[in-house]
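> Quick one: sequence plus predicted model below, questions after.
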Amino acid sequence: MRLAENIWLLEASRAQKQAPGFHCYLIRDAEGLTLVDTSLPGRGEAILEEIRELGFQPEDLKRIFLTHTDMDHIGNARMLQEATGCQVYVSAEEEKYLTGERKRLPGKEKMFQGFQGPKVQVYPEKLAEYQIIPTPGHTAGHVCVLYQDCLFAGDCCSTESGEVTGPEAGFTEDEELAAQSLRKVSRYNFGCWCPCHGLPKRHQEE
Ligand SMILES: [Zn+2]
């Protein structure tokens with residue numbers, strides 16, 4: 001699904017009949033291609049295939065920006081990094097889940113047994129064209145990625161109900177903080193929410 005001249009919601013990550021959508025977004029920017037989140041494990045080949053179908057080469061993928069490190073976001077990061085040589089970025093707080101310094105919710109922790117993550121870097125202070133906005137709550141180091149008219153929201157919100165709501169309670173570490181983060185980010189100037197769960201939705205100014 002093309003959202004703008006240089007921004008796509010990848011079909012490889014979209015809802016199929018049996019499999020729910022874990023949406024990730026591809027952007028053609030000054031560096032080449034940037035992918036925001038990577039969906040659940042097992043969809044990496046389909047993502048690379050779609051990159052080719054869009055007229056690019058896998059090596060054009062220069063960066064993966066992770067909103068956070070839950071499995072439905074980091075799932076294909078290592079595979080894609082090995083296939084393309086891209087850099088993978090996370091927030092400093094989020095990196096602590098990967099080093100074991102911080103524990104995930106018990107229901108999530110189980111999914112990571114035996115999981116091999118990508119080599120990550122922490123987002124630099126300044127990133128040309130992009131704004132990385134801390135939005136803790138769902139996880140401690142969750143960020144939203146603002147680029148042009150799109151807010152890549154990860155799990156800061158969901159639009160599965162057709163409305164912009166907070167993330168699923170059972171999978172959220174601190175609901176109160178998540179609600180605060182959602183209020184904060186909704187005051188930014190952008191035209192389109194691009195969440196992981198649910199379809200893109202116009203941003204109504206308050
Ligand atoms: Zn998610």
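Arrived safely.
> Three-state assignment for the nearest residue to residue 131 once chain neighbours are set aside, please.
Distances taken as C-beta to C-beta, 6 or more residues apart in numbering place residue 146 nearest to residue 131, at 4.1 Å, with adjacent residues excluded. For glycine as for every other residue, the C-beta is placed from the backbone atoms N, C-alpha and C. State at residue 146, reduced to three classes by DSSP: H, G, I helix; E, B strand; the rest coil: strand.
> Burial check on residue 146, number of neighbours?
Neighbourhood size, residue 146 [other C-beta atoms under 10 Å]: 19.
> which ones are touching it?
For residue 146, the contacting residues are 130-133, 152, 188, 190, by C-beta atoms under 8 Å, 6 or more residues apart in numbering.
> For it, list each beta-bridge partner.
Counting by DSSP bridges, residue 146 forms beta bridges with residue 131, residue 151.
> Wondering if stretch 169-176 reaches the ion at all.
No - using C-beta under 5 Å from the ion, stretch 169-176 stays clear of the ion, with a minimum separation of 7.4 Å.
> State the distance spanning the first to the last residue of that stretch.
Stretch 169-176 has an end-to-end distance of 10 Å (C-alpha to C-alpha, to the nearest Å).
> same check, this time on stretch 75-88
Terminal residues of stretch 75-88 are spaced 12 Å apart (C-alpha to C-alpha).
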